[in-house]
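Colleague: A structural model of the following input is requested.
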Amino acid sequence: MLAAYHDAEWGVAEHDARALWEKLMLDGFQAGLAWITILRKRDAFRAAFAGFDPARVARFGPGDVDRLMADAGIVRSRAKIEATIGNARAFLAMRAAGEDFAAFCWSFVDGRPIVNGDDAPRTRSPASEALSAALKARGFTFVGPVIVYAWMQACGLVDDHEPQCFAHRSAGTHRASPDRAA
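Modeller: Residues are numbered from 1 along each chain as shown. From the prediction side, this is the model:
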């Protein structure tokens, strides 16, 4: 499951505002847990959070929080559930103010992925710190610089594939079909 996620999704440049928001919410739920936990529960999260439609999630109220807290298919953290609802409202407030979420996020990397050419482990960067602060200023929560950096990697704003990985942009054929054993 993790290999398939890496090969098909992780690090692929995402430019759809709704998809970026969904992935940021999932990264918030991942805090303190292994990514495989979230990956295995992703379909349940999508069902529980109305397909991660920010307009629908923003209308969730106390009854929905109770419903989600009882849903064994997702991570049942009241703080993370309430953050997702509040973040839907912040997303919509940005839209109402004429600010496109995707353009806003990509502006922190000048519209193109930051390609790291080494295999040094990173958990944050100046860009993730700045984006985290800007999201918080717009009312988002559960968007610290470490969560934001992991999300930037997942959404292709940062390319942290190891240089020898087929998916690293320096390989010249980003996302070429890997030759993996099944």
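
Colleague: For the closest residue to Ala150 other than its chain neighbours, give me its contacts.
Modeller: In this structure, Ala150 finds its nearest non-sequential neighbour in Asp27, 5.3 Å apart by Cβ to Cβ, 6 or more residues apart in numbering. Glycine gets a C-beta too; all of them are placed from N, C-alpha and C. By Cβ atoms under 8 Å, 6 or more residues apart in numbering, Asp27 lies in contact with 38, 147-148, 150-151, 154.

Colleague: any idea whether Asp27 is helix, strand or coil?
Modeller: helix (DSSP: H, G, I helix; E, B strand; the rest coil).

Colleague: Looking at the contacts of Asp27, which is nearest Val12?
Modeller: Nearest to Val12 among the contacts of Asp27: Ala154, at 8.8 Å, using Cβ to Cβ.

Colleague: Just the pLDDT at that closest one, thanks.
Modeller: Turning to Ala154, the model gives it a pLDDT of 93.

Colleague: what's the distance between Met94 and Arg56?
Modeller: As judged by Cβ to Cβ, to the nearest Å, Met94 and Arg56 stand 17 Å apart.

Colleague: quick one, which of these two is more surrounded?
Modeller: Applying other Cβ atoms under 10 Å to Met94 and Arg56 shows that Met94 carries more neighbours, namely 20 against 13.

Colleague: can you pull the contacts of that one?
Modeller: Neighbours of Met94 in contact, by Cβ under 8 Å, 6+ apart: 100-101, 104, 138.

Colleague: And Pro113, by the same measure?
Modeller: 13, 156-159, 169.

Colleague: Same question for Asn87.
Modeller: Counting by Cβ under 8 Å, 6+ apart, Asn87 makes contact with 21, 24-25, 28, 139-143.
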